[in-house]
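S.K.: take a look and give me a structure for this.
(2 chains)
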Amino acid sequence: MTTHAPQTAQSVTLPATLDEAVAALTEMPAAVPVAGGTDLMAAVNKGQLRPAGLVGLGRISELRGWHYQDGHALLGAGLTHARMGRPDFAALIPALAASARAAGPPQIRNAGTLGGNIATAAPTGDSLPVLAALEADLVVAGPGGARREIPISHLLAGREMLEPAELIGFVRVPLLHAPQVFLKATGRTGPGRATASVTVVLDPARRGVRCAVGAIAPMPLRPLEAERWIGSLIDWDGARGLAQEALAAFGEYVAAACIPDPAPPADGGEAPPVSPAVQHLRRTVAALARRALGRALS
Amino acid sequence: MSNDAATGTPALDAPEQEPPAHGLGASLSPADARAKTEGTFPYAADLWAEGLLWAAILRSPHPHARIVSVDTAAAAEMPGVRAVITHEDVPGDSAYGRTVVDRPVFASDVVRHHGEAIAAVAADHPDTARLAAAAIAVEYEVLEPVTDPEKAFAAEPLHPDGNLIRHIPLSYGDPEITGEVVVEGLYRIGRQDPAPIGAEAGLAVPRPDGGVEIYTASTDPHTDRDLAAACFGLDPERVKVVVTGVPGATGDREDPGFQIPLGLLALRTGCPVKLAATREESFLGHAHRHPTLLRYRHHADTEGRLVKVEAQILLDAGAYADASSESLAAAVAFACGPYVVPHAFIEGWAVRTNNPPSGHVRGEGAMQVCAAYEGQMDKLAAKLGLEPAEVRLRNILATGDILPTGQTVTCPAPVAELLGAVRDFPLPALPKDTPEAAWLLPGGPEGAGEPGAVRRGVGYALGMVHMLGAEGADEVSTATVKVQDGVATVICAAVETGQGFTTLARQIVQETLGIEEVHVASVDTDQPPAGPAAHGRHTWVSGGAVERAAKMVRTQLLQPLAHKFGMSTELLQITDGKITSYDGVLSTTVTEAMDGKELWATAQCRPHPTEPLDASGQGDAFVGLAFCAIRAVVDVDIELGSIRVVEMAVAQDVGRILNPAQLATRIEAGVTQGIGTALTENLRTNKGLVRRPDLTGYALPTSLDAPDIRIVKLVEERDVVAPFGAKPASAAPVVTSPAAVASAVRAATGRPISRLPIRPQAAVAVPNA
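M.R.: Got it, this is the predicted structure:
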């Protein structure tokens, strides 16, 4: 008896550039791109997915760093959560760094990538509410060296989709040079999926507060009215601080906007009561939003 | 983890002399520790045989349905498929069960839980096997599932045996008596999964004589062999279960539900067949901790002394009986906890539902009631304005007191000493004295915790658990010790599940024979039975058998020498491979005394018998009891309801410390499992369907969730009926720690906390919550 099982061979391509990767996908449409593999390989191991071939993105060095462009950072889709969590990155985009540090245990953060988090588009993807609050754009590479940009919210909402053989190459994020906070509630002290997360970013140049709530809906939610209201209260040229009552009211506003009361039935009568679990979720979002704004303004 | 554990001295009152390097009391490391740490230890999932086939099991997608038809034709015709079997292909008994034979090998007419096996496939590739299983066409007539155990009494029978598996109406004392102070409570305990590190796996190899060998991580190989053989229609001698490395077990592992389809496929195809369950299959297929509903009414006098306890305990057994009867007996017998209760009326039921199956998970029965009676003690303390520890001390059990089952506690029961030890241990420092960045708040290092919203709470719990099988189970174990060329070998079918038996067996032989090099043979069913690895029985029964066999070898070795020098064998001692007489006159080496001989001895250990609980729940049902006291310190973010356990101070009644390092790890592991029970672990279902059977949806404690575990006292009061006087140590902290965490969260939030695991919304303590 031996303990060695022979592995079945598979078609694996390891391109060195983004365009080579796109070409490989064009050539073999059934192949699946893989970067960190933290979601994909779990599905393979469960037997839910048997890709005919894999296009490994791990050797594309241009995707593993970032560069600057007109007041924006162009983040490579191959940036790992571990890399984004480091202090130099945190100085640039603090909320994205905080979400990357909270994204899972070290093994996952070392392998999982920004582009993978977007492509998986799980409701609990920790980077997604941050990118939504930052109003990031995706730079998508297509056949023949084509590049096009898609706002992150359009992709997550399904308004614009990736075409066959297209790959997320970069994520364009504005550099706001102001406090940003990402807060996440989970079921345990150790790493876990978010039950709710709130991102608050300040944009002093446009005198705005932007907020996104993650994990409570299929895609991050933006409470736009609450953002405008709180933005108008802040003394942008002065101390920026707000009274506790204003922070609390912002929290309630965000929670009510993202988790509305059920509508009363069409034939009149009482609206169904909010279940205790939903009440708790609303309270959690309110507390997170209040704390996040408080920390951003302190 | 405790600093004390790292140095190998678990108790604060450190021993004065150096611990020995071998023998009893030494912190010997497991022989396979290095291979397991480095990942080179082969488990059943790593086994391979030339020409093996892969098995896959078709499982029911419904919790309750009538099977109209099963069509295997499409699956059987797929290329690479070698066999497809259903209930029609079971040559022997069509059902099995450890205590009640009620579980079909494959469902034939009705499926009774989500994930019940319907058919199995063997194919030349795991994907082919899985695809073929999916290609079996099953027509179901979906039935309404019974998922509320309270409704099981009146529901249509789910099984020909009826829905009531066992009912124990314990009555002890005067039912009319009442106390001046009465507290009531309703408690719910969730469904904990044993969540073993390795999912189930096995390899079955047909034998030329028409029998079959099953290589798997069974925790009770002889029972599994007998059950499997009956279903194969073979004599037990023609079936051999070979135990591979067990990747951790806190309940039964690789139960016959996995082994029987595997063996049937090997017998049918004549080829080796391997089955490696996915994590989802593992969650669906194996037994869980019984979800339990408990109603309590405690009567006490104005001084806080208990007068009477009334309780109703309802265990959700799932569709099949499994170990529910034993779990119910423990729940009913320990329903009042380690307290003196003059009058007790406890009614317990275990009922069938269409929920996932329940069975043996360590501390079963005792854990659920501990969470409830300790909740009641907290309520009583609050009502009387007493300290929680004080009200417990006023009622505490001691040796010589009588349990509500009428059994007198004859073993050491130093419960007051344990409670005193955890109560008097200094509390951990508040984080305000350290830099804010270093605080680990509820929610974790990158979480949302805010110091201003965090409240600290301290809570206590006392737990008790029985050791060995109860109610007349024959707890026998047989062991053989062989000595040749100065090397000893232990042959005993006690399975090493991580509880440390093999290390202990080595220590016992070292102690008795003075031989340092001791090997423990791997386990198979050709050896005499040693019983299941549960309820700490191998420390006690198999350890006892090993000691007896080693003593017999010692006598054989020393008899000729003693005879020659005209003294008894007791006057000779063996240390470090040398035999010396009491006066130092005679000195020789073991090798010389052996003179090239081979010495063998086989012995049995059988503890004193127990009796079943009678119609009113009375009887001497337990061989021994173990006790534990835990003080929990928690931080709760009272706005988010997130909880972090800061410290668990443990004092435990261990009889005698046989291996300090191993004992500390058992306690730490038990406490950590209990924190899972208290905070996160609940396999959730929706109308009988398991929701998210994966390790993302089912959150186990991580290293960040595990608190500082301080083993503040290990009481060594030897239990005279136990070999070496040692009490098994794993289950008591599992039983006690969830109740301690709940008690501390009560103290921090002022909320009642009557459900485990504690949901965040139950721990929120803000005005409009």
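
S.K.: helix or strand for the closest residue to chain B within the stretch 151-298 of chain A, which one?
M.R.: Of all residues in the stretch 151-298 of chain A, residue A:190 sits closest to chain B, with a separation of 2.8 Å (C-beta to the nearest C-beta). Just so you know, the C-beta spots here come from the backbone N, C-alpha and C atoms, and that holds for glycine as well. Using DSSP states H and E, residue A:190 sits in no helix or strand.

S.K.: residues from the stretch 551-700 of chain B in reach of chain A?
M.R.: B:639, B:640, B:641, B:642, B:644, B:679, B:680, B:696, B:699 (C-beta under 8 Å from any C-beta of the partner chain).

S.K.: for beta bridges, what are the partners of the fourth one?
M.R.: In this entry, residue B:642 is beta-bridged to residue B:637, by DSSP bridges.

S.K.: around it, how many other residues sit close by?
M.R.: Using other C-beta atoms under 10 Å in any protein chain shown, residue B:642 has 29 neighbouring residues.

S.K.: do you know how far the residue in chain B that chain A sits nearest to is from residue B:762?
M.R.: As assessed by C-beta to the nearest C-beta, chain A sits closest to residue B:702 within chain B, at 2.8 Å. According to C-beta to C-beta, to the nearest Å, residue B:702 and residue B:762 sit 22 Å apart.

S.K.: and the helices in the stretch 151-298 of chain A?
M.R.: Ranges of helices in the stretch 151-298 of chain A, per DSSP state H, counting those that start in this stretch, are A:152-157, A:224-233, A:244-258, A:276-297.

S.K.: and of those helices, who's closest to residue B:81?
M.R.: Smallest distance to residue B:81 across those (C-beta to C-beta): 42.1 Å, for helix A:152-157.

S.K.: give me the buried positions along that closest one.
M.R.: Under the neighbour-count criterion of 16 or more other C-beta atoms under 10 Å in any protein chain shown, helix A:152-157 has A:152, A:153, A:155, A:156 buried.

S.K.: got it, and stretch B:99-117?
M.R.: For stretch B:99-117, by 16+ other C-beta under 10 Å, it's B:100-108, B:110-117.

S.K.: and that stretch, how far apart are its ends?
M.R.: End-to-end distance for stretch B:99-117: 20 Å, by C-alpha to C-alpha, to the nearest Å.

S.K.: and if you look at stretch B:470-477?
M.R.: Its first and final residues considered, stretch B:470-477 spans 15 Å by C-alpha to C-alpha.

S.K.: which residues touch that stretch?
M.R.: Contacts to stretch B:470-477, defined as C-beta atoms under 8 Å, 6 or more residues apart in numbering or on different chains, come from residues B:326, B:329-330, B:468-469, B:492, B:494, B:529-531, B:535, B:537-538, B:541-542, B:544-545, B:604-607, B:609-613, B:619, B:621-623.

S.K.: any chance of TSV for the helices of the stretch 151-298 of chain A, columns distance to chain B and mean pLDDT?
M.R.: Formatted as TSV, the helices of the stretch 151-298 of chain A follow (distance: least, C-beta to the nearest C-beta, whole Å; pLDDT from 0 to 100):
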stretch	distance to chain B	mean pLDDT
helix A:152-157	21	95
helix A:224-233	18	95
helix A:244-258	10	96
helix A:276-297	4	95
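
S.K.: among those, which comes closest to residue B:134?
M.R.: helix A:152-157 (32.1 Å).

S.K.: which residues sit against the closest one?
M.R.: A:118, A:121, A:128, A:131-132, A:135-138, A:159-162, A:171, A:219-220, A:222.

S.K.: try it again with 6 Å
M.R.: Contacts made with helix A:152-157 from outside it, assessed by C-beta atoms under 6 Å, 6 or more residues apart in numbering or on different chains, are listed as A:121, A:131, A:132, A:136, A:160, A:219.

S.K.: spatially nearest residue to residue B:672 (excluding sequence neighbours)?
M.R.: In space, and not counting its chain neighbours, residue B:672 is closest to residue B:706: 4.9 Å by C-beta to C-beta, 6 or more residues apart in numbering or on different chains.

S.K.: an error on my part: the question was meant for residue B:246.
M.R.: Per C-beta to C-beta, 6+ apart, closest to residue B:246 is residue B:217, 4.2 Å.

S.K.: list the contacts for that neighbour?
M.R.: So residue B:217 contacts B:44, B:244, B:246, B:253, B:254 (C-beta under 6 Å, 6+ apart).

S.K.: picking that back up, just the buried members of the contacts of stretch B:470-477?
M.R.: Using 16+ other C-beta under 10 Å as the burial test, the contacts of stretch B:470-477 include B:326, B:329-330, B:468-469, B:492, B:494, B:529-531, B:535, B:537-538, B:541-542, B:544-545, B:605, B:607, B:610, B:613, B:619, B:621-623 as buried.

S.K.: which pLDDT does the model give residue 184?
M.R.: Here I'm looking at chain A. Here the pLDDT value assigned to residue A:184 is 94.

S.K.: ah, I was thinking of chain B
M.R.: Predicted confidence (pLDDT) for residue B:184: 97.

S.K.: and residue B:433, by the same measure?
M.R.: The per-residue pLDDT reported for residue B:433 equals 70.

S.K.: angles on the backbone of it, please.
M.R.: Per-residue torsions, residue B:433: phi -90, psi -10 (degrees, to the nearest 10).

S.K.: and it, how many neighbours?
M.R.: Residues near residue B:433, counting by other C-beta under 10 Å: 6.

S.K.: residues in contact with it?
M.R.: So residue B:433 contacts nothing (C-beta under 6 Å, 6+ apart).

S.K.: which ones among the buried residues of stretch B:99-117 are found in helices?
M.R.: Per DSSP state H, helices hold no members of the buried residues of stretch B:99-117.

S.K.: what lies in contact with stretch B:108-119?
M.R.: With C-beta under 6 Å, 6+ apart, stretch B:108-119 has contacts from B:57-60, B:63, B:65-67, B:86-87, B:106-107, B:136, B:158, B:284-285, B:318-319, B:354, B:356-357, B:688-690.

S.K.: centre of the chain to it, how far?
M.R.: Its chain's C-alpha centre and that of stretch B:108-119 lie 26 Å apart, by C-alpha atoms, centre = their mean, to the nearest Å.
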